[in-house]
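[1] With the input below, show me the fold.
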Amino acid sequence: MKHLSFFFKISLVVVVFILGSFFTTNAYAEASAGLGVTQITAVKTFASADNTFENGWKWVFDVTVPTDEIVLQMKFADWTNSAGAILAGGNIRFYSAQFSNASDGERAITVGATNTYSDSASLIVGADLDVAKAGRQIQIAVETRVPVGSAGGSYGTSYGIKSDKDKSVPIITLIGESSVTVVVGTTYTDAGATALDNVDGTITSKIVSVSSVNTSVVGAYRVTYNVSDNEGNLATEVARVVKVVADTSALVSDITTARALHGSAVEGTENGQYAVGSRATLLLVIETAESAVNNSNATQNEVDEKRTALENAVTVFESGKVNDTDTTAPTLLVYTVSGAYISPNSDGTENTVKIDVKFSEKVKAEINILNGAMEKVRSLYSSLAVTDPQEKSWDGKDEKGIVVGEDTYTIQVIAIDEAGNEMTNTEKKVELSI
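    The predicted model follows:
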């Protein structure tokens, strides 16, 4: 890139007004073609030594800047006289309405050190006070403050000024974090980035983004962002790391449950205790599962395998729990049938048979009538929880109220307690004739 740099020298002779004195300013400038200081105008020629720019000296520089150059810097030597000096660093500032970043005194660029070029001022593209003249015409206000205690008298300095094309690279700023994590199999939407250039302004729309993210495969991926300004200055590439990890939510939940079980379990031989040594075995499987959760490179298959292993370990651990279960079947304390024969012919004799039962504990009970083929023809009674049901009668009829045929019938009593133990040997026979 072509670079134009010029140095100008000006001698400013001043008399500082201190304790009744006054000063005047004389200036001259020498410039080469292209960049040039065409005029320096004294604005404030009296100063107070109070360390303020408002009460210091001020000049206006008329400057011609090449049209294709938009960066400008200035430097100054210390103000000196026979009695002492006023340092340039920190005491001289400049600004211009044609600068985008230093348009007034509040945003002025302050010279940092003696004979050292200042930070860059950025010219507003197209800003020109006289389009009829070659180059761009701008005006720069230069102010000096006089520190408290400065000696009165005549002071002189020199200055340099240079301009250049835009060489500043744009700045890319990520939106969001520089590293994000997503679960395998989900959709990833990148947050993007912004780009700002000192001359072109916001150039976010020119960002070129390249993504290698594949959310179907566990791994670490990059999303890169690049941009260049109108001068072709390429920004430093910015990247976001996207980590695709296995879904461990179900495994984490199982680990939490297993940890609680392990923590509360007591080994021993008493009821409710677990087999001796089983806690250590379960803990080993838990810790192996936790290692998969903490491994960002673990595949989904590996996580699922650890979950299956943990579930199996918990099942085995629970099966080793000492449990004094009820294995005693209920019994009949009362089981009477009024007769061994029934003749349902409405003659008043043996037209029904009565059945009375009483159980040893609360049970789920049924009383059924079965025919000779052991098929149920009538349900006399059913209850989910009973100990001593009322006496039941069978009138020789089936579920539809029709008298059954002659046969030998079985009275079936079924009883199952709350532990699932079923009563046995509960059948009695009764013969039916018409």
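
[2] is it fair to say residue 255 lies in a helix?
    Yes - secondary structure of residue 255 (DSSP: H, G, I helix; E, B strand; the rest coil): part of a helix.

[3] so where does residue 187 fall, helix or strand?
    According to DSSP states H and E, residue 187 maps onto no helix or strand at all.

[4] likewise residue 63?
    Using DSSP H and E, residue 63 sits in strand 57-65.

[5] can you pull the buried residues of stretch 81-99?
    Across stretch 81-99, burial judged by 16 or more other CB atoms under 10 Å covers 81, 86-88, 91-96, 98-99. All C-beta spots, glycine's among them, are computed from the backbone N, C-alpha and C.

[6] Let's test this: mean pLDDT of that stretch, rounded?
    For stretch 81-99, the mean per-residue pLDDT is 95.

[7] Alpha carbons of it, as CSV, please.
    C-alpha atoms of stretch 81-99 as CSV (Å, rounded to 0.1, in the frame of the first residue of the first chain):
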residue,chain,number,x,y,z
ASN,A,81,12.6,29.4,26.5
SER,A,82,15.7,30.5,28.4
ALA,A,83,14.0,30.0,31.7
GLY,A,84,12.6,26.5,31.2
ALA,A,85,10.2,24.4,29.2
ILE,A,86,6.6,23.3,28.9
LEU,A,87,6.4,19.6,28.1
ALA,A,88,4.5,18.6,25.0
GLY,A,89,3.4,15.4,26.4
GLY,A,90,0.0,15.8,28.1
ASN,A,91,-0.1,19.6,27.5
ILE,A,92,-1.0,19.7,23.8
ARG,A,93,-4.2,18.4,22.2
PHE,A,94,-5.8,18.7,18.7
TYR,A,95,-9.2,18.1,17.1
SER,A,96,-11.2,18.8,14.0
ALA,A,97,-14.8,18.8,12.9
GLN,A,98,-13.5,16.7,10.0
PHE,A,99,-12.3,13.9,12.3
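
[8] strand partners of the following helix or strand past the strand holding residue 63, parallel vs antiparallel please.
    Toward the C-terminus, strand 57-65 is succeeded by strand 71-76 as the next helix or strand (DSSP H and E). For strand 71-76, the paired strands and their directions (DSSP bridges) read strand 121-122 (antiparallel), strand 159-164 (antiparallel).

[9] ok, which stretches of the stretch 1-150 of the chain are strands?
    Remark: strands assigned in the stretch 1-150 of the chain by DSSP state E, counting those that start in this stretch are 14-16, 36-44, 57-65, 71-76, 79-81, 84-86, 92-95, 109-110, 121-122, 136-144.

[10] worst average pLDDT in these?
    strand 14-16 has the lowest average pLDDT among the strands of the stretch 1-150 of the chain, namely a mean of 41.

[11] So for residue 409, which of the strands of the stretch 1-150 of the chain sits nearest?
    Among those, strand 121-122 comes nearest to residue 409, with 110.3 Å by CB to CB.

[12] Show me what that closest one is in contact with.
    Contact with strand 121-122 is made by 70-73, 94-96, 99-102, 109, 198-199, as judged by CB atoms under 8 Å, 6 or more residues apart in numbering.

[13] mind redoing it with 7 Å?
    Residues from elsewhere that reach strand 121-122, judged by CB atoms under 7 Å, 6 or more residues apart in numbering: 70-72, 96, 99-102, 109, 198-199.

[14] right, and residue 156 touches residue 80 too?
    Yes - between residue 156 and residue 80 there is a contact under CB atoms under 7 Å: 6.1 Å.

[15] re earlier: between the contacts of strand 121-122, which sits nearest residue 316?
    Residue 316 has its nearest neighbour among these in residue 198, at 68.3 Å by CB to CB.

[16] any idea how far residue 112 is from the closest one?
    Separation of residue 198 from residue 112 (CB to CB, to the nearest Å): 18 Å.

[17] what does residue 308 give?
    According to CB to CB, residue 308 and residue 112 sit 67 Å apart.

[18] And for residue 309?
    In this view, residue 309 and residue 112 are 66 Å apart by CB to CB.

[19] My read is that residue 123 contacts residue 73, right?
    No - with contacts defined as CB under 7 Å, residue 123 does not count as touching residue 73, sitting 11.5 Å away.

[20] For those two, indicate the residue with more neighbours.
    Between residue 123 and residue 73, counting by other CB atoms under 10 Å, residue 123 is the more crowded of the two (23 against 19).

[21] looking at the sheet around the more buried one, what are its partners?
    If you apply DSSP bridges, the partners that residue 123 bridges to are residue 99.

[22] For it, list the residues it contacts.
    Applying CB under 7 Å, 6+ apart to residue 123 gives the contacts 65, 70, 72, 98-99, 138.

[23] What is the nearest of the residues you listed to residue 246?
    Using CB to CB, the contacts of residue 123 come closest to residue 246 at residue 70, 52.3 Å.

[24] and the closest one, how many neighbours?
    Applying other CB under 10 Å, we find 25 other residues in the vicinity of residue 70.

[25] Provide the backbone phi and psi angles at it.
    Phi and psi for residue 70, reported as degrees, to the nearest 10, are phi -130, psi 10.

[26] Would you confirm that it contacts residue 197?
    No - applying CB under 7 Å as the test, residue 70 and residue 197 come out as separate, 11.1 Å apart.

[27] just to revisit the earlier point, list only those of the contacts of strand 121-122 flagged as buried.
    Among these, those classed as buried by 16+ other CB under 10 Å are 70-72, 96, 99-100, 102, 109, 198-199.

[28] which SSE is residue 358 in?
    Assigned by DSSP H and E, residue 358 falls within strand 353-359.

[29] Next: residue 317.
    Per DSSP H and E: residue 317 is located in helix 300-319.

[30] which element follows that helix toward the C-terminus?
    Following helix 300-319 toward the C-terminus (DSSP H and E): strand 332-337.

[31] what distance separates that following strand from the middle of the whole chain?
    Put simply, strand 332-337 sits 71 Å off its chain's centre (CA atoms, centre = their mean, to the nearest Å).

[32] Give me the contact list for that strand.
    Contacts for strand 332-337 (CB under 7 Å, 6+ apart): 353, 355-360, 411, 413, 423, 426, 428, 430.

[33] Now a PyMOL select for only the buried ones of these.
    If you want just the buried ones from the contacts of strand 332-337 in PyMOL, going by 16+ other CB under 10 Å, the selection is:
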select buried, resi 353+355+357+359+411+413+423+426+430
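
[34] any idea which of the contacts of strand 332-337 is closest to residue 341?
    Of all the contacts of strand 332-337, residue 430 has the smallest distance to residue 341: 6.9 Å, by CB to CB.
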